[in-house]
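[1] Sequence and predicted model, in that order:
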Amino acid sequence: MRNLSLSILTASGFGAEHAAAITNMLATCQIDDCQSHELFRLFNCTDTMKAGKIDGHAEPVVAPSDNAIVRVGAQGGMSRLAFEKALPVLIEKTRTHGMAAYGRDGD
C-alpha cells in the first residue's frame, strides 16, 4: 500500500517529502479504518495536483513565536507536510507552556 501510494503521488508531481507525508497519513487512516481519509484519497490528491491547485514541492515555513501558538504556512503545498514540520515545535511548546495550539500562517 505504501509503495503504491508513493509511486502514484510521485508520478503525479509530488516531491518526496510531500509524497511521504501524505502516504503516512493515508496508511495510518487505512489501518485505523478512518473511512474519510483512507487510501481512496489518493484520487483527490492527484486530481488537486493535476488541476494546478497546489505546489507538490513547496517547503512549509514554521513561524517563530515566544508563546504557545505554532503557526505554519504550507506555501501553497498540501497541509500534511506543514503539519509534520510543525509537530516537533508543537510538542516542545506544549512541554514549555503546558498546552499549545496549531494554526495556519498565511496561505
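    Nice, thanks for sending it over.
[2] Centroid-nearest residue for the chain?
    What sits nearest the mean C-alpha location of the chain, by C-alpha atoms, centre = their mean, is Arg80, with 0.8 Å.
[3] which residues touch that one?
    Contact analysis of Arg80 by C-beta atoms under 8 Å, 6 or more residues apart in numbering lists 18, 21-22, 24-25. Placement of C-beta: from N, CA and C, glycine included.
[4] for the protein, what spans make up the helices?
    Here the chain has its helices, by DSSP state H, at 2-12, 16-31, 42-50, 79-97.
[5] export the ones you listed to TSV and tack on mean pLDDT and distance to Ile69?
    Shown next, in TSV, are the helices of the chain (pLDDT from 0 to 100; distance: least, C-beta to C-beta, whole Å):
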stretch	mean pLDDT	distance to Ile69
helix 2-12	95	31
helix 16-31	92	22
helix 42-50	93	28
helix 79-97	95	8
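[6] Determine which stretch of those is the most buried.
    Of all the helices of the chain, helix 16-31 has the most neighbours on average by mean count of other C-beta atoms under 10 Å, namely a mean of 19.
[7] still on that earlier bit, redo the helices of the chain as a markdown table? Include distance to Ala63.
    Listed next are the helices of the chain as a markdown table, based on distance: least, C-beta to C-beta, whole Å:
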| stretch | distance to Ala63 |
| --- | --- |
| helix 2-12 | 27 |
| helix 16-31 | 19 |
| helix 42-50 | 25 |
| helix 79-97 | 9 |
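[8] just so I know, which of these lies nearest Val72?
    Comparing the helices of the chain by their distance to Val72 (C-beta to C-beta), the top pick is helix 79-97, with 4.1 Å.
[9] hey, C-alpha coordinates of the closest one in CSV?
    In CSV, the C-alpha atoms belonging to helix 79-97 read as follows (Å, rounded to 0.1, in the frame of the first residue of the first chain):
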residue,chain,number,x,y,z
SER,A,79,-1.1,20.8,4.6
ARG,A,80,0.1,17.3,5.7
LEU,A,81,3.8,18.1,5.3
ALA,A,82,3.2,21.5,7.0
PHE,A,83,1.7,19.7,10.0
GLU,A,84,4.6,17.3,10.2
LYS,A,85,7.1,20.1,10.1
ALA,A,86,5.2,21.9,12.9
LEU,A,87,4.6,18.9,15.1
PRO,A,88,8.0,18.9,16.9
VAL,A,89,7.6,22.6,17.7
LEU,A,90,4.0,22.0,18.9
ILE,A,91,5.2,19.2,21.2
GLU,A,92,8.0,21.4,22.6
LYS,A,93,5.7,24.3,23.2
THR,A,94,3.3,22.0,25.0
ARG,A,95,6.1,20.9,27.3
THR,A,96,7.1,24.5,27.9
HIS,A,97,3.7,26.1,28.3
